[in-house]
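>>> quick one, what's the 3D model for this:
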Amino acid sequence: MATNRPGDDSVYLIKSSNYSIKIIRKGFRFSILNTDRSSPLLKEDEHSGLTLLHSNIADCRLIYQKGHEALFNVTNDIGVEANVRFSLFDHYFKMSVQYSDPSIRGSIVARTKGLSPAYGLADHAGFREPYSTEVSGYQSNYFGARSDKESSRLVSNFVIFPRQGVACINLEPHKKIIHISPQELAQGTYYSNKMPALYYFIGSVKEIYASYLKVRDEEGYKVYMPKYAWFGVGWEAFGALGWNTNYQTVRDDVDQYLKLGFPLSWMVVGSGFWPNDDERYFATTSFGYWDKKRYPDPRGFIDYFHQKGLKFILGLRIAFIPNGPYTDEGIAKGFFYKKDDKARLFKVGFPKTECYFLDGHNPQAVQWYVGLCDKWKAFGVDGYKEDLFGYEIEGFPDDKLDAVNAALMDKGVYIMGRNGYVGSPMDISRFNDFNYNQNQDRGPVNGLAYAYSGFPYVYPDIIGGTGLTNHQFGGIQKERVGKYLMREAQYDAVNPSLSFGYGPWHLDNEQVTKVCLSAARLHDRLHPYIYSAAVRTYETGFPYTMTPLPLAYPDDSVTYYRENDKVRGYQWLIGDALMAIPLYGNDYDKSDTRDVYLPAGKWIDYDNGEVYEGPVMLKDFSMPVDKTPLLVGGTGFVVEQENGKLYARIYPVGFTGETVFYDKDGKTKSHISFQKAVDKKPVIVDKTIGHKVKVSNNRFAYEFAFIPGHDYVVR
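Numbers count the residues shown, from 1 in each chain. Got it, this is the predicted structure:
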């Protein structure tokens, strides 16, 4: 309900059951109040809550109010009018602004006083220096893909303040305005007649992410259930072989990994598969055309890996070379971006020649493109690594790939995404090339920023990156590169997805291969558990596959300000029972200890069973390269796989309550109820069949054979 305060026509209140919005008429200065309206969750700006064309609001009036809807007319200092609509829901509200004159185009910015600490911004957080997930101080008046001149392609302007229980996003794919500081929180549109979907979220962290999930789906940014195989161990040809890819080199390298025991479940051949004797085909959009010398039998080549249980992925872009096999058709049908009503050429990282770009906002163009993708599918290709990069295009929308990826996801195609807005639609989100010669703090910050932004299906690039195989960074210092591979493998192992490239055996160091193999096997054991967390994310919006500690423990002040290149407290929860504590960052080759923070509760070392009681800071915690970077806490319930069978493992961490597990189909669900804290060998009943199960003690946990879809009671 929107009302004036009794006896005061200078203030409006819009009331909801969980919060209220207070609007000071002069300046349209708005704040968010808690349930009893005794204190603000988000204070009003001192000058203006809304600016139109860079001019503050001078006055406003209530036009109408009905239920949880309210409409205002506002006028700025230069006489320009706009309508502002509020729509209130349980844990969020939507604010829509539109100029009254449809011919007006310009900036629209909503503003309140700021909050801190602040988290989110996806790639734009990942490329800030000094490296930190905390984004206070960030501002941009032209926010979007590559607007920072970095490889910011996975874009989100979602910002969350977990300590205060507030979040905000101006949900639109075009260039935006965003300022974040303790003094100011501003989000707006750069140049438009309207700002249709500015959202504020209020509540617990889980309520905020659940609401944000609902909003994304309703606003057309559909969140998809990811596919099981992506959360296993992968292999990428470019990291392993560079440009030296053909049917024999790819088979030899993958076979070497399999021979050593690496449990691969997917693979990518991202480049070089097109005909190499004609420049018109030097692109991933050579749909259906293979190099006959390099890949004489593509169906047989792909089937070889299918028989070994691997999903086969090709690189794919929306860039079309002039005079390419399908380019003229695309031009004739108007399927490419245009300038002055003609198909426009763009510079891009690859192909090297200027290219035409598919217009992803043209449904017929998308349908045509997806039909061309079927030419790859006919050879057995399972999916694509979407890989448009290096573009310098002013005003290019953030959702340029979303319609294409959505159409492919709708057909069950496997999609690794590298471009997109607010994390949709893709199975896993790969951050930009993360190489040996770069600052290694960027990776952990980039991945955690994705998680804060609401898309935690993080794939942290190839272990070893690209460039080692072709000596791009000069001669290889085997000792340092060996340490790098081991540390990165351990870090990647506790990410939602990982892949290998440059073979560790090239370093002639048995320890390097052993540690990399151990990391791969750890991730493979946890594959079912990680995927279950991914499905829970899909169902709830909460980033279960990678939960930064400030989201899991928002009231614990020690969890804040640790994910940066000074402290290097890169920790997160995986599901509701594991805490990742990898030693990673730019000191990977110098450090063997970390200060590890344990929030309240009981925590058990995954390797040796040592028990810790939180809250406590483990100063100089020993982390040799062969140590598994995991602790067990929370529910203490972990499902692992071994030799094709699932085993539930219960660690005695004192948990009572319930948890759930989803099987690889994303639908089959088990409920596990802990009726009392486990401190000795428990009695476990399979409720589905009504029988007790056999329980053994193994690796510091109580273990039993687990049947997906069955419910269990632990007594």
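
>>> rest of the way, CA atoms for contacts and neighbours
Noted.

>>> report the contact partners of the residue nearest to Ala319 when sequence neighbours are not counted.
Counting by CA to CA, 6 or more residues apart in numbering, the nearest residue to Ala319 once its immediate chain neighbours are dropped is Phe357, at 4.8 Å. Residues in contact with Phe357 (CA atoms under 8 Å, 6 or more residues apart in numbering) are Ile318, Ala319, Phe320, Phe336, Tyr337, Arg344, Leu345, Phe346.

>>> checking the closest residue to Gly349 other than its chain neighbours next. Helix, strand or coil?
Of all residues not flanking Gly349 in the chain, Gly390 sits nearest, at 4.0 Å (CA to CA, 6+ apart). Following DSSP: H, G, I helix; E, B strand; the rest coil, we place Gly390 in the coil state.

>>> so Gly390 sits against Lys352, correct?
No. Gly390 is beyond contact range of Lys352, at 10.1 Å (criterion: CA atoms under 8 Å).

>>> and these two? Which one has more around it.
More crowded of Gly390 and Lys352, by other CA atoms under 10 Å: Gly390, with 16 against 11.

>>> my guess is Arg430 contacts Tyr459. True?
Yes. Counting by CA under 8 Å, Tyr459 is a contact partner of Arg430 at 4.6 Å.

>>> and these two? Which one has more around it.
Arg430 (26 against 23).

>>> and the more buried one, what is it in contact with?
Met416, Gly417, Arg418, Val458, Tyr459, Pro460, Asp461.

>>> buried subset of the residues you listed, written for ChimeraX?
The ChimeraX selection below is limited to those of the contacts of Arg430 classed as buried (16 or more other CA atoms under 10 Å):
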select :416,417,418,458,459,460,461
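
>>> among the contacts of Arg430, which are in strands?
Assigned to strands by DSSP state E, the following of those qualify: Met416, Gly417, Val458, Tyr459.

>>> can I get the contacts of Phe357 in JSON lines with distance to Asn157?
Formatted as JSON lines, the contacts of Phe357 follow (distance: CA to CA, whole Å):
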{"residue": "Ile318", "distance to Asn157": "24"}
{"residue": "Ala319", "distance to Asn157": "26"}
{"residue": "Phe320", "distance to Asn157": "30"}
{"residue": "Phe336", "distance to Asn157": "27"}
{"residue": "Tyr337", "distance to Asn157": "25"}
{"residue": "Arg344", "distance to Asn157": "28"}
{"residue": "Leu345", "distance to Asn157": "29"}
{"residue": "Phe346", "distance to Asn157": "26"}
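
>>> for the protein, what are the low-confidence residue spans?
The model of the chain has pLDDT under 70 over residues 1-9, 394.

>>> how much space between the residue nearest the centre of it and Glu563?
Nearest residue to the geometric centre of the chain (CA atoms, centre = their mean): Phe455, 3.1 Å. Per CA to CA, to the nearest Å, Phe455 is found 18 Å from Glu563.

>>> TSV for the contacts of Arg430, including distance to Lys400?
Output for the contacts of Arg430, formatted as TSV (distance: CA to CA, whole Å):
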residue	distance to Lys400
Met416	15
Gly417	12
Arg418	12
Val458	21
Tyr459	21
Pro460	22
Asp461	22
